[in-house]
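Undergrad: Here's a sequence, model it:
(2 chains)
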Number of protein chains: 2
Amino acid sequence: MSFYAVIMAGGVGKRFWPQSRKKTPKQLLSIAGEESMLRMTVDRLKQLTETDHILIITNSEQEQGIRQEIPELPENNILIEPEGKNTGPAIGLAAIIIQNRDPDAVMGVFPADHFIDDVKVFSNYMRQGIKIARAMQGLVTFGVIPTRPATGYGYIQYHERTSPDEPIFEVKAFAEKPDYSTAQLFLDSGDFLWNSGMFVWHVDAILNSFKEFLPEIWDSLENIKRAIGQPVWDSVLTVEWATLRSISIDYGVMEKAKNVFVVKVDFVWNDVGSWDAVHEMQEKDESGNVSKGDVLYHDSKNNLVFSEGKTVALVGVENLVVIDTEDALLIIPRGETERVKELVDDFEKEKRDSLL
Amino acid sequence: MSFYAVIMAGGVGKRFWPQSRKKTPKQLLSIAGEESMLRMTVDRLKQLTETDHILIITNSEQEQGIRQEIPELPENNILIEPEGKNTGPAIGLAAIIIQNRDPDAVMGVFPADHFIDDVKVFSNYMRQGIKIARAMQGLVTFGVIPTRPATGYGYIQYHERTSPDEPIFEVKAFAEKPDYSTAQLFLDSGDFLWNSGMFVWHVDAILNSFKEFLPEIWDSLENIKRAIGQPVWDSVLTVEWATLRSISIDYGVMEKAKNVFVVKVDFVWNDVGSWDAVHEMQEKDESGNVSKGDVLYHDSKNNLVFSEGKTVALVGVENLVVIDTEDALLIIPRGETERVKELVDDFEKEKRDSLL
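TA: Here you go, the predicted model:
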């Protein structure tokens, strides 16, 4: 009857270049507060379970940084994917590890790099999700009541209420990131929620879904499971992993499964998808500027300026994002910060490894 | 019959912050080409006279940087003002030093931090100026044919031609920096030239003008002159200097004197007064960007970006000036770079010495 929390921490967060790098990915940055995103995520989950029931799944490049950031986590609770295969295989791997520790566990899946404002409210909703996951052997998602026609989030459409006392609904459909007019329709309809990317389920429920919808991955997971605690673990994991296709849990399982529920949650949630989101979320000065470091404004407003050390002076500048790190400086207008990814994609193509 | 060239190198060039600092003033920066402004000025003057006839007048803060930049100059050819008193006293000091070395010398005065494109054409005009200075015992200025209604320059109005063969005219009036509509009138009139701040005269002619128009400064200069080569030199210079008022040569002498001539010169000249001027003068890429260092442009045009080391990435940014140095970063729109001075004035008021 134990609850395990799995933190998905494999991404780099290219949109946060130049702060985000392979070794300092988005979840290790303090972009949504004083603490890193990962630290805030771990601390939130400690309200739900003991530290040794929290697992982080990541890759070898980020392993060291994560161990330094979360030193209290048992060594075995950091799972290293041999290579990134999207969320599907990663969640499958976590599920067999947890099942091995406790066959009756309920597990939750949590992105390492999202912002949630109220830990207490969050915990209450999660406990409701855990309850329904255990009671109904279903796959439980968490849908955030949308406040604007966001085009950067996926949506969950719900219908029938499951319980008269709790905000839990059956899921009708999942929708990918919509264009603006579709997002407006979703918002107006009243039965669409933002897909928060958080899930709760019994380990049997999710592994049965793998067996049904992703049988070849399930076969690999079975092979990997047999190697747990064995000397062959590393080699089995590496070989099996190499054969797996990349697939997201949403596309591979959630959109196909029937027993899917959504908890309608009412806390401030933000996936902190870009520097624009950071400007939106953080406290502003009287001119609408958000700053970190020694920043001087002269007739300058609504800027986001992060400086790692040096003095930055803006004169007559509006709506600009300025991110200054030790070896790189980014300047981009607010409203266009999604495009940072293009830049990093170019660096990859050009093999400018020192910038990645 | 020798010619001495005096380079005025006492300014900081606040408008070039954060590159310009007390110890790295504008004339030591490479903002108008590969070489520093001072190096280019010295090399230009070597076409007119021997190295040991070139003097630099500066202050103790800049002395070391200047000696490093121009190591070939004899030690005694760098004159140190005890404190800045504007161009009048500085020129007077240079005049007595030169008169002491050669009572029949003609001297020229040259700002350390202006850009001139064609050294050969420059030299020819200067030789004409030297000739007239010697022949007529007059004060010779150099006026640049204006190409636009610049509001950042002083103007010289000329009338009667002095010689049928040479572009030398009597000066009718000096005008301070005009507003735009006045500048347009000046340009249309055809008899106004930009005041280049360069002068040529016999040492007797300029010292006689001091005696006539600035008699109290002339008295001090006489006292200082008697101390040349004496053990009391430093103390006499310091004491006399402390009594002098600050006054520009234009206001103190040129606007009052009668025997003033102007050589109408036809070379590209720019006082490089701001980062805007640097963008104007320097070679641009196909998108109108001027760059120094590792700068990446994504949909960005007409920017000036100087980076001392790090990679700078601009995405979707236009008409911005970005100056990144080791300890400070400036961001300001093109067209507003005059305002950098306000910033530095504030640093002075706030005693942020590390930024000065």
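
Undergrad: per-residue confidence averaged over stretch A:134-152?
TA: The average pLDDT within stretch A:134-152 is 93.

Undergrad: Report the buried residues of it.
TA: Neighbour-count burial for stretch A:134-152 flags A:R134, A:M136, A:G138, A:L139, A:V140, A:T141, A:F142, A:G143, A:V144, A:P146, A:P149, A:A150 (criterion: 16 or more other C-beta atoms under 10 Å in any protein chain shown). Every residue, glycine included, has its C-beta placed from N, CA and C.

Undergrad: same check, this time on stretch A:47-65
TA: Residues of stretch A:47-65 classed as buried under the neighbour-count rule (16+ other C-beta under 10 Å) are A:L48, A:T49, A:H53, A:I54, A:L55, A:I56, A:I57, A:T58, A:N59, A:Q62, A:G65.

Undergrad: In the sheet, which residues pair with whichever residue of the stretch 151-300 of chain A sits closest to chain B? Tell me.
TA: In the stretch 151-300 of chain A, the residue that lies nearest chain B is A:H298 (6.0 Å; C-beta to the nearest C-beta). For A:H298, the beta-bridge partners are A:V315 (DSSP bridges).

Undergrad: just checking, it touches B:E342?
TA: Yes: assessed by C-beta atoms under 8 Å, A:H298 is found in contact with B:E342 at 6.8 Å.

Undergrad: Report the set of residues contacting both of the two.
TA: A:V315 (C-beta atoms under 8 Å, 6 or more residues apart in numbering or on different chains).

Undergrad: before we move on, back to that, identify the residues contacting the residue of the stretch 151-300 of chain A closest to chain B.
TA: Taking C-beta under 8 Å, 6+ apart as the test, what A:H298 contacts is A:A313, A:L314, A:V315, A:G316, B:R339, B:E342, B:L343, B:D346.

Undergrad: residues in contact with the helix or strand hosting the last one?
TA: Taking DSSP states H and E as the definition, B:D346 sits inside helix B:340-349. Under the contact criterion C-beta under 8 Å, 6+ apart, helix B:340-349 has outside partners A:296, A:298, A:313, A:315, B:14-17, B:274-275, B:330, B:332, B:355-356.

Undergrad: Which of the residues you listed ranks first by neighbour count?
TA: Sorting these by how many neighbours each has (other C-beta atoms under 10 Å in any protein chain shown) puts B:F16 first, at 29 neighbours.

Undergrad: From B:S189, how far off is that one?
TA: 33 Å (C-beta to C-beta, to the nearest Å).

Undergrad: again with A:D179
TA: Remark: distance between A:D179 and B:S189 (C-beta to C-beta) = 61 Å.

Undergrad: same check, this time on A:A205
TA: Going from A:A205 to B:S189 by C-beta to C-beta gives 89 Å.

Undergrad: More neighbours: those two, which one.
TA: Remark: of A:A205 and B:S189, A:A205 carries more neighbours, 21 against 10, as counted by other C-beta under 10 Å.

Undergrad: which residues does the more buried one contact?
TA: Taking C-beta under 8 Å, 6+ apart, we find A:A205 in contact with A:A133, A:Q137, A:G138, A:L139, A:N259.

Undergrad: try it again with 7 Å
TA: A:Q137, A:G138, A:L139 (C-beta atoms under 7 Å, 6 or more residues apart in numbering or on different chains).

Undergrad: Among these, which ones lie close to chain B?
TA: Among the contacts of A:A205, no residue is within reach of chain B (C-beta under 7 Å from any C-beta of the partner chain).

Undergrad: quick one: the strands in the stretch 1-150 of chain A?
TA: Ranges of strands within the stretch 1-150 of chain A are A:3-8, A:54-59, A:78-81, A:106-111, A:115-116, A:139-144, based on DSSP state E, counting those that start in this stretch.

Undergrad: Now the helix holding B:D346: buried residues?
TA: Buried residues in helix B:340-349 (16+ other C-beta under 10 Å): B:V340, B:L343, B:V344, B:F347.

Undergrad: Next, format these as a markdown table and append distance to B:I96 and pLDDT.
TA: Shown next, in a markdown table, are these (distance: C-beta to C-beta, whole Å; pLDDT from 0 to 100):
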| residue | distance to B:I96 | pLDDT |
| --- | --- | --- |
| B:V340 | 36 | 95 |
| B:L343 | 38 | 93 |
| B:V344 | 33 | 94 |
| B:F347 | 36 | 94 |
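
Undergrad: ok, so of those, who is nearest B:K225?
TA: Nearest to B:K225, judged by C-beta to C-beta, of the buried residues of helix B:340-349 is B:V344 at 35.9 Å.

Undergrad: Give me the distance from stretch A:305-320 to the chain's centre.
TA: Relative to its parent chain, stretch A:305-320 has a centroid offset of 29 Å by C-alpha atoms, centre = their mean, to the nearest Å.

Undergrad: ugh, wrong one, stretch A:193-213
TA: 15 Å.

Undergrad: Equivalent analysis for stretch A:75-94, please.
TA: 14 Å.

Undergrad: So which residues of chain A form helices?
TA: A:37-45, A:60-69, A:87-101, A:119-136, A:180-189, A:203-213, A:215-226, A:233-243, A:249, A:275-281, A:340-349 (DSSP state H).

Undergrad: How about the residues of the stretch 151-300 of chain A by chain B?
TA: Neighbours of chain B within the stretch 151-300 of chain A, by C-beta under 7 Å from any C-beta: A:H298.

Undergrad: how about a cut-off of 10 Å?
TA: Within the stretch 151-300 of chain A, the residues that sit near chain B (C-beta under 10 Å from any C-beta of the partner chain) are A:D294, A:V295, A:L296, A:H298, A:D299, A:S300.

Undergrad: Pick out the most distant pair among these.
TA: A:D294 and A:D299 (18.2 Å).

Undergrad: A:G154 and A:T182 touch, don't they?
TA: No: counting by C-beta atoms under 10 Å, A:G154 sits too far from A:T182 to count as a contact (11.8 Å).

Undergrad: ok, now which ones touch the closest residue to A:I206 other than its chain neighbours?
TA: Nearest in space to A:I206, with sequence neighbours left out and distances taken as C-beta to C-beta, 6 or more residues apart in numbering or on different chains, is A:A95 at 5.2 Å. Under the criterion of C-beta atoms under 10 Å, 6 or more residues apart in numbering or on different chains, the neighbours of A:A95 are A:4, A:6, A:105, A:107, A:109, A:201-207, A:209-210, A:221, A:225.

Undergrad: Would you check which pair of those lies furthest apart?
TA: Among the contacts of A:A95, A:V109 and A:K225 lie farthest apart (C-beta to C-beta), at 18.2 Å.

Undergrad: Would you mind giving the domain segments of chain A?
TA: A:3-270, A:275-355 (automatic domain parsing).

Undergrad: quick one, what contacts A:G293?
TA: Applying C-beta under 10 Å, 6+ apart, one finds that A:G293 lies in contact with A:V305, A:F306, A:S307, A:E308, A:G309, A:K310, A:T311, A:V312, A:D324.

Undergrad: Equivalent analysis for A:K258, please.
TA: A:G138, A:L139, A:E170, A:V171, A:S209, A:E212.

Undergrad: Look up which residues are beta-bridged to A:S307.
TA: Beta bridges link A:S307 to A:D324 when assigned by DSSP bridges.

Undergrad: what's around it, how many residues?
TA: Using other C-beta under 10 Å, A:S307 has 19 neighbouring residues.

Undergrad: do A:E72 as well
TA: Neighbourhood size, A:E72 [other C-beta under 10 Å]: 10.

Undergrad: how about the nearest residue to the residue most central in space within chain A, chain neighbours excluded?
TA: The residue lying closest to the centre of chain A (C-alpha atoms, centre = their mean) is A:P111, at 2.4 Å. Leaving aside its sequence neighbours, A:P111 sits nearest to A:G197 (C-beta to C-beta, 6+ apart; 5.0 Å).
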